[in-house]
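In: I'd like to go over a predicted model; first the sequence, then the structure.
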Amino acid sequence: MIKGRDDIVEIKAGSNLRVEMEIPIKSVENFNICWKPNQHVLLEMSGYMEPEDRYRQRGDSKIALWMEKDGTEQTIFRGYVVKAEQYMVGNLKKILLKAKSATCKLDCRTESKSYQAVEESYAEIIQRVIAHAGGNVICNRGREDIISRPVIQYKETAWEFCKRLASHLGTCVIPDPEAEEAGFWFGMRKGTRFDSLSEDEYVVGLRKKDYQNSMEIRYEMQSREYHKVGDQTICFGQKMIISEANAIFKHGELVYYYILKQSEECKMIYQDRFIGLGLEGTVEETKEEKVRLALDIDNGSPTGSYFYDWCPETGNSFYAMPEKGARVLLYFGSNDERDGFALHCLPKSKNENYQDRYCKTINGSSMELFREKIHFAKGTDCRLNLTDDSITAVSTQELNISAKKNIQIEADSIIIYTPDELNLCQG
């Protein structure tokens, strides 16, 4: 063990490996580092502590690994301990821990927000999302690709949302295992070229892509040289990239296992929470049969100039376009939020029953279809109320009641009031 500073412990693991952490560990038995697209880099390590030592897990407990070669030191992992188990083995205390790259800090807090400025590129949106989340991103994809239709982050972490947007472009996100702060590449990392790995020992795999009809060839190779995901080489006469990298330290020896592919393509990732979801919003503007919305998840502020289709429940008959200020639902019939449409108007009062429907116009006319009454009004001049107990008709102009056959009015009390004259005619 190397003497540490404050509560930091430094451990020599093998002849050229150094581990630094806040856990009072005395020796490292083995570890495995797994680095692959769309996942935080994962470190699993086992070691030993003094029986009397204690470690209480915290969310900000850091760990880092370095490898020394040719007089220089290379960082191979930085991250945070996410799980630690301690138990006695004879007279020794063994500890098993898991740690993830700093990108796990982008995967803690969920948020909801819409991005309706459809002229923006994927890269612009990703950079804004990650800056708000406190991370860093290098956009290798998405700078020239505009979103075209609104995208919505709904109860998702920044990490989940970025993975989903990357899948729109058929690509992935690559975490940075060396960064002390949360950082990643949007799109496959553009690594360096290196000489071909030894072709003496390899495993070749051929499998059908689960989202395409094409076949994918991948090679698994072993090496003692350190390379990174995204680095490129020539393998069996073909240009290949490292898609996954695993570092395994065992019996004092560090060995790397690499997965090589011609390209890294990812299937579309959807958010199943959108199926049947309705997001409330306010109409900002109407155009033909479309509406521009300010959603409540954006604190009622518009985030772009996109117009959603207005698709009332009644279909193509007996409907009116909502006016500016009307409360409506943005509905999603599938797990792709880009297919959202405005469905129907909502009552402005939260206390009103959903079964009570009404429609009002600017000139004061209205139609109310309530459970206890039906009401029609034309401005303030004419009104008709129908309830279970009474019928009331009021008009400042002529009021005519006519029928093709007999008219029968029967009630306990019938009141007819007119300031001029009452005419009852037959035929």
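Out: Good, I have the coordinates. Numbers count the residues shown, from 1 in each chain.
In: any weak-confidence spans in the chain?
Out: 1-6, 198-202, 204-214, 316-318, 348-355, 426-427 (pLDDT under 70).
In: Tell me where it has helices.
Out: 122-133, 158-168 (DSSP state H).
In: now these in a markdown table, with distance to Ile401 and mean neighbour count?
Out: (C-beta placed from N, C-alpha, C; glycine too.) As requested, the helices of the chain are exported to a markdown table (distance: least, C-beta to C-beta, whole Å; neighbours: other C-beta atoms under 10 Å):
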| stretch | distance to Ile401 | mean neighbour count |
| --- | --- | --- |
| helix 122-133 | 62 | 19 |
| helix 158-168 | 62 | 22 |
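In: now the ones you listed in TSV, with distance to Gln271?
Out: Formatted as TSV, the helices of the chain follow (distance: least, C-beta to C-beta, whole Å):
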stretch	distance to Gln271
helix 122-133	15
helix 158-168	6
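In: what about these, which gets the closest to Arg54?
Out: helix 158-168 (31.9 Å; C-beta to C-beta).
In: and the angle for that closest one with helix 122-133?
Out: 170 degrees (axes from the mean of the first three to the mean of the last three C-alpha atoms, to 10 degrees).
In: can you pull the contacts of Arg383?
Out: Contact partners of Arg383, counting by C-beta atoms under 8 Å, 6 or more residues apart in numbering, are His375, Phe376, Ala377, Thr392, Ala393, Val394, Ser395.
In: can you give me the strands in the stretch 301-427 of the chain?
Out: In the stretch 301-427 of the chain, the strands defined using DSSP state E, counting those that start in this stretch lie at 308-309, 327-331, 341-346, 357-360, 366-369, 373-378, 382-387, 391-395.
In: Remind me what the last one packs against, helices and strands.
Out: Same thing as strand 391-395. strand 382-387 (3 or more C-beta pairs under 8 Å, 6 or more residues apart in numbering; DSSP states H and E).
In: Lys163 is nearest to which of the strands of the stretch 301-427 of the chain?
Out: strand 327-331 (23.3 Å).
In: could you dump that closest one to PDB, C-alpha only?
Out: The C-alpha coordinates for strand 327-331 follow below in PDB (Å, rounded to 0.1, in the frame of the first residue of the first chain):
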ATOM      1  CA  ARG A 327     -56.600  24.200 -22.700                       C
ATOM      2  CA  VAL A 328     -56.000  21.000 -24.800                       C
ATOM      3  CA  LEU A 329     -54.400  17.600 -24.500                       C
ATOM      4  CA  LEU A 330     -51.300  16.600 -26.600                       C
ATOM      5  CA  TYR A 331     -51.900  12.900 -27.100                       C
END
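In: now for it, which elements pack on it?
Out: By 3+ C-beta pairs under 8 Å, 6+ apart, strand 327-331 packs against strand 278-287, strand 290-295, strand 341-346.
In: can those strands go into JSON lines with extra columns for distance to Asn30 and mean neighbour count?
Out: Shown next, in JSON lines, are these (distance: least, C-beta to C-beta, whole Å; neighbours: other C-beta under 10 Å):
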{"stretch": "strand 278-287", "distance to Asn30": "49", "mean neighbour count": "17"}
{"stretch": "strand 290-295", "distance to Asn30": "50", "mean neighbour count": "21"}
{"stretch": "strand 341-346", "distance to Asn30": "55", "mean neighbour count": "19"}
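In: Quick one: the ones you listed as CSV, columns for distance to Gly142 too.
Out: What follows is the helices and strands packed on strand 327-331, written out as CSV (distance: least, C-beta to C-beta, whole Å):
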stretch, distance to Gly142
strand 278-287, 25
strand 290-295, 23
strand 341-346, 26
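In: Okay then, goodbye and thanks.
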